[in-house]
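# Generate a structure from the sequence data that follows.
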Amino acid sequence: MNATNTSSSRAFTLIELLVVIAVIALLIGILLPVLGQARKTGAMTREMGLLRQVGIAYASYAHDNKDNLLPGYLRGSWSRDEGKFTVYSNGNDAGEQGRLRGGVIRPYPWRLLPYLGYSPASLVADRNWMRSINELNHDPNDIGAYEWSVARNPGFGLNTTFVGGDAHRGAYYIPSLLRWGAFYIIRTDQALQTDKLLLFTTSRGVHRNSNGTVVPGYHRIEAPWHATPTSNSVPAFIPWEGSRTRFNASLPTTAYGHVDFRHSGKALGLTIDGHADALGVDQAFDMRRWSNKATRADWRP
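Numbers count the residues shown, from 1 in each chain. Sure thing, here's the model as predicted:
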């Protein structure tokens, strides 16, 4: 008796192919948002880590300077050759060639970078923005685009008006103190609520000489009630123009005091005790997070 082994194969029918395609499309539809959210979470985690490092550097500066806080924005005379601050562009060159002076050291970054290993990447989580900075001029004999980009547009802004003092917001000026009292703190032991008082947040600003190009970073953040720009005159205090409930990125960067709520509608903030957290727009409007003198959320100077 002969047995014949037969094998047969059959192709997918059109209906079966459509079912497979539909299942694949469904899986993609489910996975893409999950992957997108994972990328966003990863970016926020990475930037939160940098923010904590910046906080450690800030605390180290205070420790080395008898608990005096890093000035937020210097007086012009403090940044000149004979001024109070001697700042270099790297840790290997302490000669005249590597020295920075003038306007480029008035914002905080170059004065804090020695505590961050002179690495501007410690202040910039956005890799594309860091890459664009690195492509700029690095000539130590010419204080040019690279130095200004690092100085003006780090990824984190400092609460200069109320912490450390800002010479372009009325600080270090006797008539301002006579009008407003001691509206900013200059020592760590002056902070009353260290777990609330903001030092840094994620920030955004306009790039120097770029005709208004918005970039993910600015050296100064300003409170919901913030001092007007001024030199050798007494500032007024004015409110944010942005909504209290939702961040509108299409508004000018000044509408939210340069604070950037770039992580799914939240800004990353670091308090003076080193605690880092994500803040919604409504939380950022709380003046107790900004001023040592604020006694309620809607307080104003």
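# Give me the residue at the spatial middle of this protein.
What sits nearest the mean C-alpha location of the chain, by C-alpha atoms, centre = their mean, is residue 156, with 1.6 Å.
# For the stretch 1-150 of the chain, which segments count as strands?
Under the criterion DSSP state E, counting those that start in this stretch, the stretch 1-150 of the chain contains strands at 87-88, 99-100.
# Any chance of these in JSON lines with mean pLDDT and mean neighbour count as columns?
Every residue, glycine included, has its C-beta placed from N, CA and C. Formatted as JSON lines, those follow (pLDDT from 0 to 100; neighbours: other C-beta atoms under 10 Å):
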{"stretch": "strand 87-88", "mean pLDDT": "88", "mean neighbour count": "18"}
{"stretch": "strand 99-100", "mean pLDDT": "87", "mean neighbour count": "18"}
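# can you put the ones you listed in JSON lines and add distance to residue 117?
As requested, these are arranged in JSON lines below (distance: least, C-beta to C-beta, whole Å):
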{"stretch": "strand 87-88", "distance to residue 117": "13"}
{"stretch": "strand 99-100", "distance to residue 117": "16"}
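# Contacts only, for the residue nearest to the centre of the chain.
Going by C-beta atoms under 8 Å, 6 or more residues apart in numbering, residue 156 touches 50-51, 54, 123, 200-203, 217, 270.
# What segments of the stretch 151-300 of the chain are strands?
So, for the stretch 151-300 of the chain - with DSSP E, counting those that start in this stretch - the strands run 156-158, 198-202, 205-206, 214-215, 225-227, 237-239, 267-271, 276-279.
# Packed most tightly, which of those would that be?
strand 156-158 (a mean of 29; mean count of other C-beta atoms under 10 Å).
# tell me what the helix ranked longest in the chain is packed against?
Counting residues, the longest helix found in the chain (DSSP state H) is helix 14-64. Under the contact criterion of 3 or more C-beta pairs under 8 Å, 6 or more residues apart in numbering; DSSP states H and E, helix 14-64 touches helix 109-112, strand 156-158, strand 198-202, strand 267-271, strand 276-279.
# Can you convert those into CSV and add a column each for distance to residue 102 and mean pLDDT?
Listed next are those as CSV, based on distance: least, C-beta to C-beta, whole Å; pLDDT from 0 to 100:
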stretch, distance to residue 102, mean pLDDT
helix 109-112, 11, 97
strand 156-158, 19, 98
strand 198-202, 24, 97
strand 267-271, 28, 97
strand 276-279, 32, 95
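# Can you say which of these is nearest to residue 80?
In this view, the helices and strands packed on helix 14-64 are compared for proximity to residue 80 by C-beta to C-beta, and helix 109-112 is the closest at 14.3 Å.
# Which one, of the strands of the stretch 1-150 of the chain, ends up nearest to residue 173?
Distance to residue 173, taken as C-beta to C-beta, is lowest for strand 87-88 among these, at 22.7 Å.
# What strands flank that closest one, and is each parallel or antiparallel?
Its sheet considered, strand 87-88 pairs with strand 99-100 (antiparallel) by DSSP bridges.
# mind listing the helices for the stretch 101-250 of the chain?
Assigned by DSSP state H, counting those that start in this stretch, the helices in the stretch 101-250 of the chain fall at 109-112, 127-134, 145-152, 174-180.
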